[in-house]
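J.: Starting from these lines, generate the structure:
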Amino acid sequence: MTLQFAIDACDAQFHNTCTYGQKAEWLSALDGRVQAFLDTCSGVHTPFAPYSGDTPGATELLVGAPYEEMYLSYLEGKIHYHNAEIGRFNNANAMFQSIFARWQDAVVRGTSAGQKMFV
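T.: As a prediction, the model looks like this:
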């Protein structure tokens, strides 16, 4: 999933006033967390270049199928939190945490989907 696709898909689902740059930075924070986890698991440090509003939309996010849906749940939660819609934030965050935990488990167990994360 690309940065642009994640942001566009989120915008299509949820009316919001958050800027492209804000959403890119939120996704950057998440991918920074993903990269830190991968570094810990592999024992190899891989530099991560943070995303901003100037990052090309074609930039591939770090987590692929079948776990890439985590990006949409994460953005949804951030938008709801930004709008002080705490009930909606809690629902989106629960979905994100569930997908993120399944991805972490796949990486640690070395399943085929998790192994793709080390490419």
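
J.: gap between residue 5 and residue 75?
T.: Remark: distance between residue 5 and residue 75 (Cβ to Cβ, to the nearest Å) = 11 Å. Where C-beta positions appear, they are placed from N, C-alpha and C, glycine not excepted.

J.: So these two - more neighbours on which side?
T.: Neighbours were counted for residue 5 and for residue 75 using other Cβ atoms under 10 Å; residue 75 has more, 26 against 16.

J.: Let's verify the nearest residue to residue 79 once chain neighbours are set aside: helix, strand, or coil?
T.: Sequence neighbours aside, residue 16 is the residue nearest to residue 79 in space, at 4.7 Å (criterion: Cβ to Cβ, 6 or more residues apart in numbering). Secondary structure, DSSP: H, G, I helix; E, B strand; the rest coil: residue 16 is coil.

J.: if I pick residue 16, what's in contact with it?
T.: 10, 79, 82-83 (Cβ atoms under 8 Å, 6 or more residues apart in numbering).

J.: Show me where this protein dips below the pLDDT cut-off.
T.: Applying pLDDT under 70 to the predicted model, the residue ranges of the chain that meet it are 111-119.
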